[in-house]
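Enquirer: Give me the fold of what follows.
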Amino acid sequence: MSYMLPHLHSGWEVDQAILSEEDRVVVIRFGRDTDQTCMVQDEVLFGIAEKVKNFAVIYLVDIDEVPDFNGMYELYDACTTMFFYRNKHIMVDLGTGNNNKINWALADKQEFIDIIEIVYRGARKGRGLVVSPKDYSTKYRY
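Expert: Below is the predicted model of the structure:
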C-alpha cells in the first residue's frame, strides 16, 4: 500500500514537509518499499491516514533514494517511524530504551492512532518526550 501514501524523494522535500506543517504531527516512515516489515507498516499507515488527517500527516521516505538522514537519525533498521511537530523531533518513550523512533512494524491500527494522538497532545504542550500509552518492552510476550 506504499503507493497510496505520499513519498518524499529528496532531502529538501523531507525538510520542507517537516518545516511547513504548523498544526499537525508529521509522521515519517523511513525504509524500503520492498521490505516486508515496511509493507506491514505501510498497510497500517494507509489504514489510519484518513482517521488521523486532522492532527497528523503521513509521509514515506525510501532510505536508499534519500540517504541524507541515515547517519543523522541512525536509520539502520529495515523500517523506522519518526514523529515531528513544528520542526522539532518528538521522542516517544515506548519502554524499549530507544526513544527516538519506532523501529519495528506496529500491526495494530488503534495502537498507532493512540501513539500519534499522544505525540500530538504532548507536542502541543511543548513536550519533546511523550510516554506511550502501552509499554512495548515486552512486545514479544503477547
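Enquirer: where in this structure is pLDDT low?
Expert: Scanning the chain for pLDDT under 70 picks out 1-2, 139-142.
Enquirer: which residues of it fall in helices?
Expert: For the chain, the helices defined by DSSP state H occupy 11-20, 36-49, 109-124.
Enquirer: could I get the ones you listed as TSV with distance to residue 69 and mean neighbour count?
Expert: Placement of C-beta: from N, CA and C, glycine included. Listed next are these as TSV, based on distance: least, C-beta to C-beta, whole Å; neighbours: other C-beta atoms under 10 Å:
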stretch	distance to residue 69	mean neighbour count
helix 11-20	7	14
helix 36-49	16	19
helix 109-124	19	18
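Enquirer: Nearest to residue 55, out of these?
Expert: Closest to residue 55 of these, according to C-beta to C-beta: helix 109-124, at 4.6 Å.
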